[in-house]
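K.L.:
Predicted model, plus sequence, below.
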Amino acid sequence: MNPLPNSCTGKVNEEDFTASMVQLTSKSFSPPRNESLELYARLRPDDTLKEIKVSFSLTVVGQLQQLFPDTGLVRVTYKDNTNPSTPITYTQESGTAFPQFDTVKNMYTGTLNNVVVVNDDDDVRKTLTLNIRFEATVAALEQANARAA
């Protein structure tokens, strides 16, 4: 399934994830990420909130990236706010990310394949597996940057 512009769709474990809001922003980080893009996708089923954040250095666009806990060029987090008083934040452990730029459509696209994210809070290990596709237009990036200015 091809996502629509400014979309983030796929599976978190076996649960469907179709973001109701997708934002793309430009960020400056310390080395090695330096100039990067950050995709923020939010799903709000019922009264809950679930978020995916993918940050990738512009130097890796078009390159398949293996993810490890300490990978610096691509960062993936998943936040589950099902219980707002105790949100659970998961960070990447393994999998692959493939950020790309589509020159024809003038948009950033990408996939997260079998990305395992973990949370070790409370000494109880929790894991999720993300299989996600995303697209965000450069226009969305320009609009986000204009709002931030």
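P.N.:
Nice, I can see it.
K.L.:
Show me the longest strand that occurs in this structure.
P.N.:
strand 88-102 (DSSP state E).
K.L.:
what packs against the next helix or strand after that strand?
P.N.:
Later in the chain than strand 88-102, the nearest helix or strand by DSSP states H and E is strand 107-119. For strand 107-119, the elements it packs on are strand 35-43, strand 50-57, strand 74-80, strand 88-102, strand 126-137, helix 138-148, judged by 3 or more C-beta pairs under 8 Å, 6 or more residues apart in numbering; DSSP states H and E. Bear in mind the C-beta positions are built from the backbone N, C-alpha and C, glycine included.
K.L.:
quick one: pLDDT of the residue sitting furthest away from the middle of the chain?
P.N.:
Relative to the centre of the chain, the most outlying C-alpha is that of D123, 25.3 Å out, by C-alpha atoms, centre = their mean. Note for D123: predicted pLDDT of 85.
K.L.:
ok, back up a step: what about the helices and strands packed on strand 107-119, which gets the closest to T18?
P.N.:
strand 35-43 (6.7 Å; C-beta to C-beta).
K.L.:
For that closest one, which helices and strands make contact with it?
P.N.:
So strand 35-43, by 3+ C-beta pairs under 8 Å, 6+ apart, packs with strand 15-18, strand 21-28, strand 50-57, strand 107-119, strand 126-137.
K.L.:
Pull out the buried residues from the longest one.
P.N.:
To tie it back to what came earlier, the one meant is strand 107-119. For strand 107-119, burial by neighbour count (16 or more other C-beta atoms under 10 Å) applies to 107-113, 115, 117, 119.
K.L.:
same thing with the shortest one?
P.N.:
Judged by neighbour count (16+ other C-beta under 10 Å), strand 15-18 contains these buried residues: F17.
K.L.:
now it, how far from the chain's geometric center?
P.N.:
The chain centre lies 14 Å from the centre of strand 15-18; the measure is C-alpha atoms, centre = their mean, to the nearest Å.
K.L.:
List the strands paired with that strand, with their directions.
P.N.:
Paired strands of strand 15-18, with direction, are strand 7-12 (antiparallel) (DSSP bridges).
K.L.:
what's the strand it pairs with in contact with?
P.N.:
For strand 7-12, contacts defined as C-beta atoms under 8 Å, 6 or more residues apart in numbering pick out 1, 3, 16-19, 22, 39, 41, 50, 52, 78, 112, 128-135.
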